[in-house]
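Visitor: only geometry, no sequence info:
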């Protein structure tokens, strides 16, 4: 899978840089100016082809063309308020929501989203939604046997395990 380009500047910072370059881009048309696209590229730390694209946009649609536009695509189906509410539901745990176990799965979360917000997401998309919009990541649950007695386990670790460790020599590994 190819690596995704992640810009070092925010969308607002990139827009400020484009708008700051307008006077320099206009100077390219001025015969008395000795500025070149390479000079502008160095000044704004961009590739010369970027300067060429900026210049073409400026010529075709004025400074408005260099302003930031909204990203393409549909509006998110869950707004920020809904996402915050979903985050709180998930952090409270699956049992608090009424499931038998405290394990959140894609189908469970998709069910919660549909029930709470009236929005349908495919269960295989839910992990991507949680990662991209909430910053959550996949967490593998720790398997703990139902029969495990914590008190007996702690006692065994304090007594028997210490004896086992003492009895091992460095040669034994």
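Guide: Yep, it's here. Just so it is clear, the model here is predicted, and its values are computed rather than measured.

Visitor: Which pLDDT value belongs to the spatially most central residue of the chain?
Guide: Residue closest to the mean C-alpha point of the chain, counted by CA atoms, centre = their mean, is residue 132 at 4.0 Å. Residue 132 carries a pLDDT value of 90.

Visitor: cool, the one 5 residues further on as well?
Guide: With respect to pLDDT, residue 137 scores 89.

Visitor: now residue 1
Guide: Here, the pLDDT recorded for residue 1 equals 49.

Visitor: Please apply the same query to residue 25.
Guide: 90.

Visitor: tell me the SS of it?
Guide: Three-state call for residue 25 (DSSP: H, G, I helix; E, B strand; the rest coil): helix.

Visitor: And it, how far from residue 38?
Guide: Distance, residue 25 to residue 38, using CB to CB, to the nearest Å: 13 Å. Where you see a C-beta, it was placed from the backbone N, CA and C, and this is true even at glycine.

Visitor: what's the answer for residue 18, then?
Guide: Per CB to CB, residue 18 is found 17 Å from residue 38.

Visitor: Between the two, which is the more surrounded one?
Guide: The residue with more neighbours, out of residue 18 and residue 38, is residue 18; 22 against 10, by other CB atoms under 10 Å.

Visitor: residue contacts, the more buried one?
Guide: Neighbour list for residue 18: 54, 66-67 [criterion: CB atoms under 8 Å, 6 or more residues apart in numbering].

Visitor: how does it look with 6 Å?
Guide: If you count contacts by CB atoms under 6 Å, 6 or more residues apart in numbering, residue 18 has them with residue 66.

Visitor: List the buried residues for the one helix or strand it maps to?
Guide: Using DSSP states H and E, residue 18 sits in helix 11-20. Neighbour-count burial for helix 11-20 flags 17-18 (criterion: 16 or more other CB atoms under 10 Å).

Visitor: Stretch 31-48 too?
Guide: By neighbour count on 16+ other CB under 10 Å, the buried set for stretch 31-48 is 37, 39-41, 46.

Visitor: Residues contacting that stretch, please?
Guide: Residues outside stretch 31-48 that contact it (CB under 6 Å, 6+ apart): 17, 21, 24, 27, 51.

Visitor: How far does the one helix or strand in the chain whose mean pLDDT sits lowest sit from its chain's centre?
Guide: Least confident helix or strand of the chain, by mean pLDDT, DSSP states H and E, is helix 160-167 with a mean of 82. Computed by CA atoms, centre = their mean, to the nearest Å, the chain-centroid distance of helix 160-167 equals 46 Å.

Visitor: One more: stretch 63-70?
Guide: 25 Å.

Visitor: could you give me the average pLDDT of that stretch?
Guide: Mean pLDDT, stretch 63-70: 82.

Visitor: Quick check: PyMOL command selecting the buried ones in the contacts of stretch 31-48.
Guide: To isolate the buried subset of the contacts of stretch 31-48 in PyMOL, counting by 16+ other CB under 10 Å, use the following:
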select buried, resi 17+21+24+51
